[in-house]
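[1] sequence-free structure coming up:
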């Protein structure tokens, strides 16, 4: 019931392989039977594909390919790209099928908190008035009179949303929902002259819904605070060139604003004039401020560290990148956790059972009271509301601690995860490397020329190691030689031309692929590697000019974080890095990791993730959000330190938040299980006692709704869970 595994709808994984043939599984194919032939044709006509056969029933595609032109990983990537073009159809079909299994429930999180507080206050005052006047009011004798008492009128007026929702569910798909059950119980109580019982049902139900809505509201506010642009006013430039201070909501597309050093940018747009260094870590994950000048793109929520710029607004308000991230999280209805979907289906299946029990009990006992109790006591409210509250409370708590979880589904996936993959640069390490060694290897080549060549090739790169070289040149007062455009070879190196010579800077593999003679460099390289330095080779044409040693300090507390992950049940911890074998081994040994792979390309990391998933493991990938993008996308949960383009984002630099958020996810699922057990146990006991005539109608209402309030309160505890204790 709780351990079911799920994969993202559009993610493909290899189910079976032989050379030249691979069977790929993708959940989306089950929802695309009408598009199967078209998908087959698009796959079969793709370069390197021999033939393809799609089977929607099993969600599989059998693909034959040319092994000399494509790898398995490229086939999977191709399949995903083709299927992704039908994503909208697949999602709509999936939601339609799910809606046939579940029922339409009121979206209580949309109701204003003030309105719900007013409802609870009105009901509480009425119940207090009844208690004060107990014994002074004569019971009504007519059926109409039973609906005209003060408690009955209060009940009917407050239960209008319940009546509407219950009727609409029956009218739209002929399936009762929780409100149908509640409405029936309220009406039956009023008809039977039990107006206090009816009012009690409304009162306790409103308290449970208020707690749930409050938790969801706290979550929205916490996420907005985390990603807020942080500025209430901006400096808008008038047509005459003067500046005026206006409120952020007054900005319109096309407006020009001035942003000074230390201020947050409040819009997405293009720089019109000026120069500035902008910290974009909140959006892109890049730790180094980026230089911005005319025509550069900037994002809301980023910070101008130095300089000042004039920006022409392209997107404002809810259209900005930050706002879209907030909306993405708020719309978590489309990314329900499997346990939440199960709770909804569980509730749906048991609602008709209550009606059936009511009929059966009345047929056997001829007792209207006992039959009414079968409608008052149900499993739906407690299970559904407590699950939604638990997931929302967890997202809120995480957001307060600068961890953004973009959907309840990722909480359950985190709790199930058993394999952790980590990148090295910017993840295990601080991502702020420094040049520690420069070794000339070509006779007659001075040390300064080695670093100048390296700086020329790396001048336009934002990779942390490139930034280290640029910083070294800047600090030593050297100049960067004039050079041609730079050509980037992903995960290998870069090349440019200086004074007609081809300058290459990069890895050993890059040098070997480029035909550079590395003879005589082994001793110097070995010495630097033993010191834990990363090696960057610098070549001029086919000659090795020298090597540059760059060292990036390991993140403080990373070893402690991995130890805690191991203690919490993470079975397999793997290092994937583009670094050389020797350095990867040093880091993996120092961090006590299970295994490592060195000198891997971004696509190799993604392939590793797919291979692990094909064995049925749950994979958490922690990376820097740049070179690791493919692997982060393929992983069950992608976690980035500083970026916001993954499933889970840790905004700070503290690696201890990784085990903290995983422990929080585990605690959340434990609370959900507790709530299921309590809701099912207490309500089952209530149904048995009520059917035997032991439990009066009033106390049945109290028992059921008090149980609902209790499990929602239990879920709300997650709001106050101290994540720092899990660090």
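    On my side now, so go ahead. Computed from a prediction, not measured in an experiment: that's the story for all the values here.
[2] Could you use CA atoms for every contact and neighbour count after this?
    OK.
[3] Can you report how many residues neighbour the nearest residue to residue 73 once chain neighbours are set aside?
    Nearest residue to residue 73, sequence neighbours excluded (C-alpha to C-alpha, 6 or more residues apart in numbering): residue 607, at 5.5 Å. Number of residues near residue 607 (other C-alpha atoms under 10 Å) recorded here: 23.
[4] what about residue 617, how many neighbours?
    By other C-alpha under 10 Å, neighbour count at residue 617 equals 18.
[5] which regions of the stretch 601-727 of the chain lie under the pLDDT threshold?
    625-627, 629, 642-646, 652, 725-727 (pLDDT under 70).
[6] what's near enough to touch residue 541?
    Contacts for residue 541 (C-alpha atoms under 8 Å, 6 or more residues apart in numbering) come out as 501, 502, 503, 504, 516.
[7] what are the ranges of the helices in the stretch 501-650 of the chain?
    When assigned using DSSP state H, counting those that start in this stretch, the helices of the stretch 501-650 of the chain occupy the ranges 508-513, 522-530, 558-567, 581-590, 602-614, 629-634.
[8] got the angle for the lengthiest helix in the chain vs helix 558-567?
    Ranked by residue count and defined by DSSP state H, the top helix of the chain is helix 657-691. Following axes from the mean of the first three to the mean of the last three C-alpha atoms, to 10 degrees, one obtains 30 degrees for the angle between helix 657-691 and helix 558-567.
[9] Report the distance from helix 657-691 to the chain centre.
    In terms of C-alpha atoms, centre = their mean, to the nearest Å, the centre of helix 657-691 is set 23 Å apart from its chain centre.
[10] going on from that helix, what's the next piece of helix or strand?
    Downstream of helix 657-691, the first helix or strand assigned by DSSP states H and E is helix 697-716.
[11] between that next one and helix 657-691, how big is the angle?
    Using the same axes, to 10 degrees: helix 697-716 against helix 657-691 is 170 degrees.
[12] on that earlier part again, please list only the buried members of the contacts of residue 541.
    Buried members of the contacts of residue 541, counted by 16 or more other C-alpha atoms under 10 Å: 502, 503, 504, 516.
[13] And for the third one, nearest residue in space, chain neighbours not counted?
    Yep, that's residue 504 we're talking about. residue 495 (4.3 Å).
[14] Now do the host helix or strand of the one you found: which elements does it pack against?
    Assigned by DSSP H and E, residue 495 falls within strand 493-498. In this structure, strand 493-498 makes packing contacts with helix 447-458, strand 487-489, strand 501-506, judged by 3 or more C-alpha pairs under 8 Å, 6 or more residues apart in numbering; DSSP states H and E.
[15] do that again at 6 Å, thanks
    strand 487-489, strand 501-506 (3 or more C-alpha pairs under 6 Å, 6 or more residues apart in numbering; DSSP states H and E).
[16] Any idea which of those has the lowest pLDDT on average?
    Per-stretch mean pLDDT for the helices and strands packed on strand 493-498 is lowest at strand 487-489 (a mean of 85).
[17] Pull out the buried residues from it.
    residue 488.
[18] now it, how far from the centre of its chain.
    Using C-alpha atoms, centre = their mean, the offset of strand 487-489 from its chain centre is 32 Å.
[19] Over to stretch 44-53?
    For stretch 44-53, the distance to the chain centre is 34 Å (C-alpha atoms, centre = their mean).
[20] Pull out the buried residues from stretch 662-678.
    Buried residues in stretch 662-678 (16+ other C-alpha under 10 Å): 662-669, 671-673, 675-676, 678.
[21] Stretch 549-563 too?
    549, 550, 551, 552, 553, 554, 555, 558, 559, 561, 562, 563.
[22] mind checking the end-to-end distance for that stretch?
    29 Å (C-alpha to C-alpha, to the nearest Å).
[23] Give me the contacts around it.
    With C-alpha atoms under 6 Å, 6 or more residues apart in numbering as the test, stretch 549-563 has contacts from 428-430, 433-437, 533-535, 591, 655-656.
[24] ditto for stretch 18-32
    9-16, 56-57, 59-67, 90, 93.
[25] need the contact list for the closest residue to residue 540 other than its chain neighbours.
    Nearest residue to residue 540, sequence neighbours excluded (C-alpha to C-alpha, 6+ apart): residue 503, at 4.7 Å. Going by C-alpha under 6 Å, 6+ apart, residue 503 touches 495, 496, 497, 539, 540.
[26] Can you tell me which of those residues is nearest residue 35?
    residue 495 (44.7 Å; C-alpha to C-alpha).
[27] So the closest one versus residue 117, what's the distance?
    Plainly put, residue 495 is 66 Å away from residue 117 if you go by C-alpha to C-alpha.
[28] So for those two, which residue has more residues nearby?
    residue 495 (23 against 14).
[29] Show me what the more buried one is bridged to.
    Beta-bridge pairing for residue 495 (DSSP bridges): residue 487, residue 504.
[30] I'd say it and residue 487 touch.
    Yes: applying C-alpha atoms under 6 Å, one finds residue 495 in contact with residue 487, separated by 5.3 Å.
[31] residues near residue 515, how many?
    12.
[32] typo on my end, it should be residue 694
    Residue 694 has 12 neighbours, counted by other C-alpha under 10 Å.
[33] what pLDDT does residue 111 get?
    pLDDT, residue 111: 64.
[34] so what's residue 577 up against?
    423, 424, 598, 600.
[35] show me the contacts for the closest residue to it other than its chain neighbours.
    Taking C-alpha to C-alpha, 6+ apart as the measure, residue 577 lies nearest to residue 598, with 5.1 Å between them; neighbours along the chain are not counted. Residue 598 makes contact with 577, 578, 579, 580, 581, 584 under the criterion C-alpha under 6 Å, 6+ apart.
[36] Buried ones among the residues you listed?
    577, 578, 579, 580, 584.
[37] and of those residues, the nearest to residue 140?
    Nearest member of those to residue 140, counting by C-alpha to C-alpha, is residue 577, at 79.0 Å.
[38] From residue 554, how far out is the closest one?
    14 Å.
[39] just residue 395 next, same as before
    Counting by C-alpha to C-alpha, the gap from residue 395 to residue 554 is 29 Å.
[40] can you map out the strands along the stretch 251-400 of the chain?
    256-259, 268-279, 290-292, 297-298, 303-315 (DSSP state E, counting those that start in this stretch).
[41] Now do the helix or strand where residue 439 lies and helix 447-458, the angle between them.
    Using DSSP H and E, residue 439 falls within strand 434-440. Computed by the same axes, to 10 degrees, the angle separating strand 434-440 from helix 447-458 equals 120 degrees.
[42] Just want the angle from strand 434-440 to helix 522-530.
    170 degrees.
[43] List the strands paired with strand 434-440, with their directions.
    strand 543-551 (antiparallel).
[44] and the partner strand, how far out from the chain's middle?
    Using C-alpha atoms, centre = their mean, the offset of strand 543-551 from its chain centre is 40 Å.
[45] low-scoring stretches of the stretch 251-400 of the chain, by residue?
    281-289, 318-338, 340-341, 343-348.
[46] Let's see that with 90 instead.
    251-254, 259-269, 273, 275-308, 313-359, 361-393, 395-400 (pLDDT under 90).
[47] which residues in it form helices?
    Going by DSSP H, counting those that start in this stretch, the stretch 251-400 of the chain shows helices at 281-284, 321-330, 338-365, 368-376, 380-400.
[48] Would you mind giving the orientation angle of the fourth one with respect to helix 697-716?
    Between helix 368-376 and helix 697-716, the angle formed by their directions is 20 degrees, by the same axes, to 10 degrees.
[49] what's the offset of helix 368-376 from the middle of its chain?
    That offset, for helix 368-376, works out to 43 Å (C-alpha atoms, centre = their mean).
[50] what's it packed up against?
    Looks like helix 368-376 contacts helix 338-365, helix 657-691 (3+ C-alpha pairs under 6 Å, 6+ apart).
[51] Noted, bye for now.
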